[in-house]
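> quick one, structure for this:
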Amino acid sequence: MKVSAQRDPQRRMGVLDHLRELRKRLLWSLAGVLVGVIIGWFIFDPILGYLQGVLLDAAGRAGQLNFQTLGGALDLKFTVALWAGLILSSPWWIVQIATFIGPGLRKKERLFVAIFGTTGIILFAAGALAGVMVIPQAVHALIAFVPEGATTLLRADAFVSFCMKLILAFGVSFLIPEILVALNLVGALSVRSMLRGWKAAVVVCFTFAAMVNPVPSPIPMILQALALLALYFVAVGVSAVHESRLRRRNGITRPARSFRLTMNLRRRPKQLKDSPARASSS
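Model prediction:
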């Protein structure tokens with residue numbers, strides 16, 4: 001162990017080591033999801049009661065959830081438990097993702113692992129909460145298209161899946177800025193590239209908001225798109241601070257223009273440490 005540490009003082013991992021670590025994190029994530037599914041099984045009644053209350057508030061007695069098979073209620077309980085498990089265990093599997101990324105960072109940057117995990121949990125929770133708040137508005141807006149005198153007979157599994165997918169979509173969308181910052185930290189995406197692609201970011205944010213937001217009114221869609229754009233530029237600001245620190249540390253004043261230059265900034269401290277040794281040996 002000492003010989004290997006002397007040969008590789010940075011303790012770099014090989015491809016097989018990365019695959020083993022990935023398998024380990026995936027197994028831990030699945031274990032956390034399983035625990036969340038068990039909890040979701042026992043909180044099925046409150047979840048379904050809330051969703052039924054939203055439907056009754058929007059459609060009154062004309063809105064009913066229907067089970068088309070004898071085992072439909074049991075299938076729905078499994079579905080709700082699975083969705084609830086994914087949402088409830090999100091802090092756990094977000095931490096596992098951050099832990100997997102952590103070894104690729106320098107010692108001083110490993111603090112970002114804890115920061116990334118905490119920030120990811122907060123962002124996902126904020127997005128999921130926004131999705132929960134949108135559900136009543138979405139149901140009210142869509143039920144308004146039902147003709148007067150008609151009855152809204154909804155498949156229970158389809159209605160619950162619609163609500164859960166909406167919550168997950170909002171939660172994941174709020175994690176996109178953190179992914180951008182992570183790509184910048186590992187040198188795969190520069191600030192200049194993010195600023196150059198701001199027009200594409202605007203199009204993507206508004207398109208995503210239009211696809212995910214079921215409310216026909218444009219106001220919720222615009223608000224969601226603006227929130228995503230604000231998070232995008234926050235990610236640009238955090239990445240700019242990181243790149244400026246790298247430039248100051250390496251004595252470079254020009255900002256990184258590409259992926260290759262960003263990677264050179266990360267490798268340069270090692271080259272500077274090796275240069276005195278080479279000079280002395282020569």
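> so residue 139 is in contact with residue 58, correct?
Yes - in this structure residue 139 lies within contact range of residue 58 using Cβ atoms under 8 Å: 4.6 Å. To be clear about C-beta, it is placed using only N, CA and C from the backbone, and glycine gets the same treatment.
> okay, these two: which has more neighbours?
With neighbours defined as other Cβ atoms under 10 Å, residue 139 and residue 58 compare such that residue 139 has more, 24 against 20.
> helices and strands of this protein: which one bottoms out on pLDDT?
helix 2-7 (a mean of 45; mean pLDDT, DSSP states H and E).
> what's the next secondary structure element after that one?
Beyond helix 2-7 on the C-terminal side, the first helix or strand identified by DSSP states H and E is helix 15-42.
> name the residues of that following helix that come out as buried.
25, 28-29, 32-33, 36-37, 40 (16 or more other Cβ atoms under 10 Å).
> list the buried residues for stretch 170-185?
170-178, 180-185.
> so which of those residues comes closest to residue 16?
Lowest distance from residue 16 to the buried residues of stretch 170-185 (Cβ to Cβ) belongs to residue 182, with 23.1 Å.
> surely that closest one meets residue 115?
No - between residue 182 and residue 115 there is no contact under Cβ under 8 Å: 11.1 Å.
> which neighbours do the two have in common?
The overlap between the contact sets of residue 182 and residue 115 (Cβ atoms under 8 Å, 6 or more residues apart in numbering) is empty.
> coming back round to it: ok, so of the buried residues of stretch 170-185, who is nearest residue 119?
Closest to residue 119, out of all of these and judged by Cβ to Cβ, is residue 178, at 5.9 Å.
> residue nearest the centroid of the chain?
Geometric centre of the chain, nearest residue: residue 175, 3.2 Å, by Cα atoms, centre = their mean.
> so, low pLDDT: which residues of the chain?
Scanning the chain with the threshold set as pLDDT under 70 gives 1-14, 61-62, 101-110, 112-113, 216, 251-282.
> where do the strands sit along it?
63-66, 152-155 (DSSP state E).
> buried ones in the first one?
When you say that, I think you mean strand 63-66. Buried, per 16+ other Cβ under 10 Å, within strand 63-66: 63, 65.
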